[in-house]
Every structure is written in structure tokens, then in C-alpha cells.
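1. Return atomic coordinates for the entry below.
(2 chains)
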Amino acid sequence: DTAVSQTPKYLVTQMGNDKSIKCEQNLGHDTMYWYKQDSKKFLKIMFSYNNKELIINETVPNRFSPKSPDKAHLNLHINSLELGDSAVYFCASSLNRQETQYFGPGTRLLVL
Amino acid sequence: SQQGEEDPQALSIQEGENATMNCSYKTSINNLQWYRQNSGRGLVHLILIRSNEREKHSGRLRVTLDTSKKSSSLLITASRAADTASYFCATEEQGGSEKLVFGKGTKLTVNP
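-> Numbers count the residues shown, from 1 in each chain, chains lettered A, B, ... in the order given. Modelled structure (predicted):
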């Protein structure tokens, strides 16, 4: 009965590879987010979707492409992975755009 | 751009003592939220205070908001070892994309 789940929990991959991280929420929320937390614990928003529509797209390289097949899912695909992409990626959801956000457990990505 | 700045960066106290963390921000906001992150885990929402509120309580937590000074404080009373975590403030900017902007966090250690 996990509220916001992410897979995989850990991802170790080589530079240049393409990988995807999946996120699902069973809270019935309309809005979902992707955040990146760097090694200094600084958390920065990357994308936000509301009812499958992209509403926030921060200055993120084109190699990162979010996809929302339905309101409950927001996946993150990363092409041509670079060393600097190593971080913890958090998915979150909220009932609507000005409410409390509920975070997933994070995906620890390490690019070698 | 970074909005919230927590102070102090790190705080170490004894069990039973109170812990106070401060957050300053730069722009007008819709609301300010405090989150907790245990080591290696996702963020957990603690409390949301709206721009027209001055104080809010939740159990042992007390949050104040001073919009004239653009600052907020989080007080944890009668701290426990289980309160050991990083605490982040996050502000939702007014009139923009309504994204949450997180500070760098305060690392709280409660010694038994």
C-alpha cells in the first residue's frame, strides 16, 4: 500500500547508456514531480506534470525526458548518461499544485 | 534558483532539549513547507503554513512565519533521538509556476 513508489531503488550504469526510472502513486493525486538531490543534499525540481500535462520544466538537459502515460505514473528517461547525472532522483505527488507533496523513497543513480 | 536558506546548517542537541531551525527566503510566497529527511530515505512532509498564517502547531512541532521578514522557524520541543534527520524548508513562489524551491537543509542530531 505504498503511496509513492519508484523503481529501481538503485541504478549503477556506464556513461553513455540510456536508462529509465519509473514512478507510480496510488493517492489519486493530479500532480507529479521529479526532483534531483545532489551529493550536498541540495534538492532541485526538474519537472512537474498536472493531469498528464507538463507544467514545470526547469533548466534540464534534453537528455532527460519525462513521460506521463496516465495521472498515476510519471517516468523519467535519461539518454546518454554522464558522470554528473549521478544523484538521487525523487518522485513526488500532490493533490493539486499548491498542496503538500508526498515523496517516493528515491532512486540512487551512479554513473561510472 | 535557490530560495530558502536554513540556519544553522547543522545542530547537535541532547534528548529532551528543544531544537530551533530557521529559514529565510527572498520572494513572495503562497506557502512555506517543512520536510524531514532521514539518512538514505525520501522526504516526509511535516507542516505547511500559508502566507496568511503566522503560526501553526502539529504535535511537538511549532512553525512560525513572518512574511515581512521573509523568514520562518521550526521548533521541535522535547526532542528525541528519532528526530535525528535533515530538515528542509521549501517555499512555493507566488505568481510563478508554483514550484517548490528547497533550501539546503539543517542537519539535526539528537544525542541520547
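
2. who in chain A is up against chain B?
-> Contact residues, chain A versus chain B (Cβ under 8 Å from any Cβ of the partner chain): A:4, A:33, A:40-45, A:48, A:55-56, A:58, A:90, A:92, A:97-106. Glycine gets a C-beta too; all of them are placed from N, C-alpha and C.

3. Could I get the phi/psi values of B:S51?
-> Dihedral angles of B:S51 (phi, psi; degrees, to the nearest 10) stand at phi -60, psi -20.

4. By mean pLDDT, point me to the weakest helix or strand of chain A.
-> When each helix and strand of chain A is scored by mean pLDDT, DSSP states H and E, strand A:53-57 comes last, with a mean of 84.

5. Show me the strands in chain B, by range?
-> Counting by DSSP state E, chain B has strands at residues B:5-7, B:10-14, B:19-24, B:29-37, B:43-50, B:55-58, B:61-66, B:71-76, B:85-93, B:100-102, B:106-111.

6. likewise chain A?
-> Taking DSSP E as the criterion, chain A carries its strands at A:4-7, A:10-13, A:19-25, A:31-37, A:43-50, A:53-57, A:64-70, A:73-78, A:87-94, A:102-103, A:107-111.

7. Could you save those as CSV and add columns showing mean neighbour count?
-> CSV is the format used below for the strands of chain A (neighbours: other Cβ atoms under 10 Å in any protein chain shown):
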stretch, mean neighbour count
strand A:4-7, 19
strand A:10-13, 14
strand A:19-25, 19
strand A:31-37, 24
strand A:43-50, 21
strand A:53-57, 14
strand A:64-70, 15
strand A:73-78, 20
strand A:87-94, 23
strand A:102-103, 21
strand A:107-111, 18
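
8. Flag the shaky bits of chain B, pLDDT-wise.
-> Along chain B, the model assigns pLDDT under 70 to residues B:1-4, B:96-98.

9. Quick one: name the residues of it near chain A.
-> B:2, B:30-31, B:33, B:35, B:37, B:41-45, B:48, B:86, B:88, B:92, B:97-102, B:104-105.
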